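Asker: Output the structure for:
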Amino acid sequence: MRLFDFAYCAEYERKISALSKLCPEKWSFGTNSDNTILKNYIEYTFAKVAEENQLLCTDTFCLLNTGLYTLFYESIYAYFALNKIQDRQKWFLDGFYTSYQMAIMGISEFPKRANYFSDPSALVFDTNCDIIPQYPHIFNEAENFLRIPESIRESPNRTMLFDGAIKRAKCMIDANYKTAVPQYYKGRIQLLIPVSLISENAPDLALVVSKNSAGNQYLGHTCLTLDMAYNNARLIARPDSAWLKP
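Answerer: Numbers count the residues shown, from 1 in each chain. Here you go, the predicted structure:
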């Protein structure tokens, strides 16, 4: 279920801006101030919570646990009131409020946040496993190919450059397990690792990896832009990584 099918979201930009002040972190890419990351987070979080039937709905209101916190670690909820405008969605997005503000309104029961994993070990890269990249998909699929820096796309040594970048990334993970960042995509946990093709100190892409059915190797399925990777990773938690930043 999509947020905008479930509720009428009048003044959505203003409400998202207010939420960004309740939970201050960098919610836009680069020098932008459009809260793109936060909007992506809320819309995908709503879909996941709805899928899990974790929306708390009564006859008069509905609550979504955003999974976000204030600086004082108060939980933040989206509050939906009944829509008074006919011929629209049943619910109206009133705004985002803390658990304290909800308590002032007389609300004492709260829904759970989205659950993205049941096995915490899936969040950590197993350094005993090799990474096998799926180069036909990375190089032959137009959408993936165009994410690669142009100078690398045209290089006859691109496979060798990728192999070197993946080898270096695995060394970085050996040194600091936080280098491999978990993401949630289509119902499963995958890991993102940095791929530095032009400069060793500046990743160009994130390689998406997950274990094979035997659990003894990681398969490198595809490459994402860093913005795409951050959006996916932020659904679980704010990445605590030196290389994946908004």
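Asker: for the protein, what's the longest helix?
Answerer: In terms of residue count, the longest helix belonging to the chain (DSSP state H) is helix 158-175.
Asker: just checking, what packs against that one?
Answerer: Of the remaining helices and strands, those touching helix 158-175 by 3 or more Cβ pairs under 8 Å, 6 or more residues apart in numbering; DSSP states H and E are strand 130-133, helix 135-140, strand 188-195. C-beta coordinates here come from the backbone N, C-alpha and C atoms, glycine included.
Asker: who's in contact with the last one?
Answerer: Counting by Cβ atoms under 8 Å, 6 or more residues apart in numbering, the neighbours of strand 188-195 from elsewhere in the structure are 116-117, 122-123, 125, 131, 162, 165-166, 169-170, 172-173, 179-184, 203-210, 218, 221, 223-224, 229, 232-233, 236, 243-244.
Asker: and the angle for the longest helix of the chain with strand 188-195?
Answerer: 110 degrees (axes from the mean of the first three to the mean of the last three Cα atoms, to 10 degrees).
Asker: How about helix 158-175, which residues are buried there?
Answerer: 158, 161-162, 165-166, 169-170, 172-173 (16 or more other Cβ atoms under 10 Å).
Asker: picking that back up, for F80, which of the helices and strands packed on helix 158-175 is the nearest?
Answerer: Proximity to F80 (Cβ to Cβ) singles out strand 188-195 among the helices and strands packed on helix 158-175, at 29.0 Å.
Asker: got the residue ranges for the strands in this protein?
Answerer: Taking DSSP state E to define them, one finds strands in the chain at 7-8, 56-57, 61-69, 75-82, 91-98, 130-133, 181-185, 188-195, 205-211, 217-224.
Asker: okay if I get these as TSV plus mean neighbour count?
Answerer: TSV is the format used below for these (neighbours: other Cβ atoms under 10 Å):
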stretch	mean neighbour count
strand 7-8	20
strand 56-57	16
strand 61-69	21
strand 75-82	20
strand 91-98	20
strand 130-133	16
strand 181-185	21
strand 188-195	23
strand 205-211	23
strand 217-224	20
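Asker: how long is stretch 135-148 end to end?
Answerer: Distance between the two ends of stretch 135-148: 12 Å, counting by Cα to Cα, to the nearest Å.
Asker: in that stretch, what's buried?
Answerer: Taking 16+ other Cβ under 10 Å as the basis for neighbour counts, the residues of stretch 135-148 that come out buried are 138-139, 144, 147-148.
Asker: Closest to D34 out of the residues you listed?
Answerer: Closest to D34, out of all of the buried residues of stretch 135-148 and judged by Cβ to Cβ, is R147, at 21.7 Å.
Asker: Give me the pLDDT for that closest one.
Answerer: Each residue has a pLDDT score; the one for R147 is 96.
Asker: Just list the residues touching it, thanks.
Answerer: With Cβ under 8 Å, 6+ apart as the criterion, the residues that contact R147 are 205, 223-225.
Asker: Let's see that with 7 Å instead.
Answerer: 205, 223, 225 (Cβ atoms under 7 Å, 6 or more residues apart in numbering).
Asker: and of these, the nearest to C57?
Answerer: T225 (36.8 Å).
Asker: how far away is the closest residue in space to that closest one that isn't next to it in sequence from R14?
Answerer: In space, not counting the residues next to it along the chain, T225 is nearest to R147; the distance is 5.4 Å by Cβ to Cβ, 6 or more residues apart in numbering. Computed as Cβ to Cβ, to the nearest Å, the R147 to R14 distance reads 33 Å.
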